[in-house]
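**Q** return a 3D structure for these sequence lines:
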Amino acid sequence: MTARRGLLIVTAGQRDAAIPGEREERYVAGATTSRTGLVYGFAAFGIWGLLPLYWDLLSTTAPAEVLAHRMAWSLPTAAVVLAIAGRWSWVMPLLRDPRRLGLVLLSASLISVNWFLFIWAVANGKVIEASLGYFINPLLTIAIGVVLLRERLRTAQWAAVGIGAVAVLVMTFAYGQVPWLSLTLSVSFAIYGLVKKTTGLDGVEGFSADCALQFLPAAIFVIVLMGRGESTFVSEGIGHTLLLAGTGAATALPLILFGAAAVRIPLSTLGLLQYLAPSAMFLLGLFVFGEEMPTERWVGFGLVWLALTILTWDAVRRSRQARARARTTVMKMPPVVEPAPEAALDAEPATEPATATATERRTAATPAPEPSRPGQTDPPGD
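**A** Predicted coordinates for the structure are as follows:
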């Protein structure tokens with residue numbers, strides 16, 4: 001550290017050394033945050049991947065009624081979350097903006113279609129086909145970026161999208177028709193994500209806004225079913241009633257965990273975790289629900305997994321390059337200039353006292369004794 005013109009020049013290394021343990025504390029805090037974020041991320045995508053088990057418990061209820069309960073019970077759940085967090089300031093600005101309200105209406109419609117198709121897929125033994133939709137979602141999102149946003153792709157991305165397109169053709173042959181369920185799930189979710197980015201709302205706020213628009217038609221639908229005696233809400237026992245009421249929490253919990261993970265871990269890590277959900281769905285469809293997987297489907301899924309491997313490799317490589325550039329930029333930054341402490345600026349150089357005491361003058365005037373020679377002793381003192 002160097003004092004110059006009232007400023008203290010502190011290099012990065014000196015600053016860390018000046019506060020013992022601070023760098024280690026920051027490192028430990030960052031590592032703890034990352035570990036916590038990974039736990040939240042695994043929990044969020046794990047719950048999403050295991051949701052087919054939940055919907056299967058409601059197999060005696062028509063998918064339309066399950067969807068209506070899911071939308072109706074999601075609003076109270078969202079309201080509780082907002083009340084705990086005290087996050088209501090976004091509501092009035094949204095209500096005053098017709099354009100954003102229209103976007104929220106569109107996003108609510110898209111996610112309703114997505115929810116219904118997934119519940120229907122579980123009820124009709126198509127969990128593996130549904131998982132394919134979420135596997136190809138990243139590829140379709142890239143394709144939408146090219147078509148709608150005129151984004152330019154890197155070579156690896158083009159290769160991944162091309163392999164994904166071939167996989168869809170193979171799956172079309174395997175199923176004997178276009179895999180409309182997978183494609184509709186993927187398209188609806190990809191466009192939903194695109195629309196959500198334009199609303200200016202975060203995950204919990206956007207979810208709450210969607211629920212607010214879904215609530216009234218969903219509640220009316222449930223009431224009509226109950227009036228006709230066609231609802232299973234109270235006719236299948238208390239356990240079934242609680243399961244239907246719990247659809248709101250089952251919808252909100254993974255979203256909240258996802259939001260907590262997103263602020264704690266890098267997007268590249270979050271992108272890798274997103275494959276947990278369709279992987280869990282695929283395994284459930286194969287081993288729990290006993291769905292068939294002929295050779296052609298294995299080939300189609302293999303191509304999709306190859307495309308995702310290329311896409312993931314490219315994303316990880318780009319992320320590492322970005323971090324390396326960031327470290328290089330930090331190392332090239334000039335030293336941090338901080339104001340010198342007032343004590344250092346006000347201190348006067350040490351000087352000899354203007355006058356000396358008698359003892360000090362006598363001591364200074366007394367010559368130093370000569371070094372003794374061999375055989376000579378010092379004279380005795382007085």
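**Q** okay, CA-based contacts and neighbour counts for the rest of this
**A** OK.
**Q** how about stretch 219-231: buried residues?
**A** Ala219, Phe221, Val222, Ser231 (16 or more other CA atoms under 10 Å).
**Q** what's the answer for stretch 202-212, then?
**A** Burial within stretch 202-212, assessed by neighbour count using 16+ other CA under 10 Å, is assigned to Gly203, Val204, Glu205, Gly206, Phe207, Ser208, Ala209, Asp210, Cys211, Ala212.
**Q** if we can go back for a sec, format the buried residues of stretch 219-231 as CSV; extra columns: secondary structure, pLDDT and distance to Val146.
**A** Converted to CSV, those look like this (DSSP: H, G, I helix; E, B strand; the rest coil; pLDDT from 0 to 100; distance: CA to CA, whole Å):
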residue, secondary structure, pLDDT, distance to Val146
Ala219, helix, 96, 39
Phe221, helix, 97, 39
Val222, helix, 96, 41
Ser231, coil, 95, 45
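**Q** can you get me a residue count around Asp56?
**A** By the criterion of other CA atoms under 10 Å, Asp56 has 16 neighbours.
**Q** how about the secondary structure of it?
**A** helix (DSSP: H, G, I helix; E, B strand; the rest coil).
**Q** surely it meets Ala123?
**A** Yes: using CA atoms under 8 Å, Asp56 makes contact with Ala123 at a distance of 6.6 Å.
**Q** which stretches in the stretch 51-200 of the chain count as helices?
**A** Counting by DSSP state H, counting those that start in this stretch, the stretch 51-200 of the chain has these helices, from start to end: 63-85, 91-95, 98-123, 127-135, 137-149, 155-175, 180-199.
**Q** tell me the mean pLDDT over the fourth one?
**A** Confidence over helix 127-135 (mean pLDDT, whole number) is 95.
**Q** what comes up buried for it?
**A** Of the residues in helix 127-135, those buried under the neighbour-count criterion (16+ other CA under 10 Å) are Val127, Ile128, Glu129, Ala130, Ser131, Leu132, Gly133, Tyr134, Phe135.
**Q** before we move on, what about stretch 242-260?
**A** Neighbour-count burial for stretch 242-260 flags 243-260 (criterion: 16+ other CA under 10 Å).
**Q** and the regular element (helix or strand) spanning Ala322, average pLDDT?
**A** Using DSSP states H and E, Ala322 sits within helix 295-332. What helix 295-332 shows for mean pLDDT is 86.
**Q** in that helix, what counts as buried?
**A** 297, 299-301, 303-308, 310-312, 314-316, 319.
**Q** counting contacts, what elements does it pack onto?
**A** Counting contacts by 3 or more CA pairs under 8 Å, 6 or more residues apart in numbering; DSSP states H and E, helix 295-332 is packed against helix 127-135, helix 155-175, helix 267-273.
**Q** swap in 10 Å and give it another go.
**A** Applying 3 or more CA pairs under 10 Å, 6 or more residues apart in numbering; DSSP states H and E, we find helix 295-332 packed against helix 127-135, helix 137-149, helix 155-175, helix 267-273.
**Q** touching the last one from outside, list them.
**A** Around helix 267-273, the neighbours that count as contacts under CA atoms under 10 Å, 6 or more residues apart in numbering are 34, 37-38, 41-42, 44-46, 138, 258, 261-262, 264, 308, 312, 315-320.
**Q** using PDB, write down the CA coordinates of that helix.
**A** Written as PDB, here are the backbone C-alpha positions of helix 267-273 (Å, rounded to 0.1, in the frame of the first residue of the first chain):
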ATOM      1  CA  LEU A 267     -27.900 -20.500 -15.700                       C
ATOM      2  CA  SER A 268     -25.600 -23.100 -17.300                       C
ATOM      3  CA  THR A 269     -26.100 -25.300 -14.200                       C
ATOM      4  CA  LEU A 270     -29.800 -24.700 -14.200                       C
ATOM      5  CA  GLY A 271     -29.900 -25.600 -17.800                       C
ATOM      6  CA  LEU A 272     -28.400 -29.000 -17.000                       C
ATOM      7  CA  LEU A 273     -30.800 -29.600 -14.200                       C
END
